[in-house]
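In: Everything below, folded, please.
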Amino acid sequence: MAPHERDAALDRLPLPYSMALRLRDAGVDDAVIAECVGVEPEGLQALMEIARAKLVAAGYRE
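Out: Residues are numbered from 1 along each chain as shown. Model prediction:
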């Protein structure tokens with residue numbers, strides 16, 4: 001899929017999930033991502049897994 005299709009799918013996600021994925025794409029440190037989305041660093045992996053699942057549900061296929 002084209003990058004604009006991924007961006008469109010990200011736009012359909014709730015903000016914490018889209019923000020986490022965009023920050024990860026930008027190479028931001030996990031501790032900073034966790035702080036930005038309001039989770040403990042230990043919970044970030046679970047949030048990222050949910051975010052990726054929501055991205056697929058929003059229509060994005062890698």
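In: make it CA atoms for all contacts and neighbour counts henceforth
Out: Fine.
In: Next up, identify which helix or strand the residue nearest the centre of the chain is on.
Out: For the chain, the residue nearest the mean C-alpha position is residue 21 (2.4 Å; CA atoms, centre = their mean). Secondary structure assignment for residue 21, by DSSP states H and E: helix 15-25.
In: follow-up on the earlier one: now do the same for the residue nearest to the centre of the chain: its pLDDT.
Out: At residue 21, the pLDDT value in this model is 97.
In: buried ones in the helix holding residue 21?
Out: 16-21, 23 (16 or more other CA atoms under 10 Å).
In: Nearest to residue 5 among these?
Out: residue 18 (13.6 Å; CA to CA).
In: quick one, what contacts the closest one?
Out: Counting by CA atoms under 8 Å, 6 or more residues apart in numbering, residue 18 makes contact with 10-11, 51.
In: Please repeat the previous calculation with a cut-off of 6 Å.
Out: residue 10 (CA atoms under 6 Å, 6 or more residues apart in numbering).
In: Can you show me the helices along this structure?
Out: Secondary structure of the chain, counting by DSSP state H: helices at 3-11, 15-25, 30-37, 44-57.
In: Confidence-wise, which of these is weakest overall?
Out: helix 3-11 (a mean of 89).
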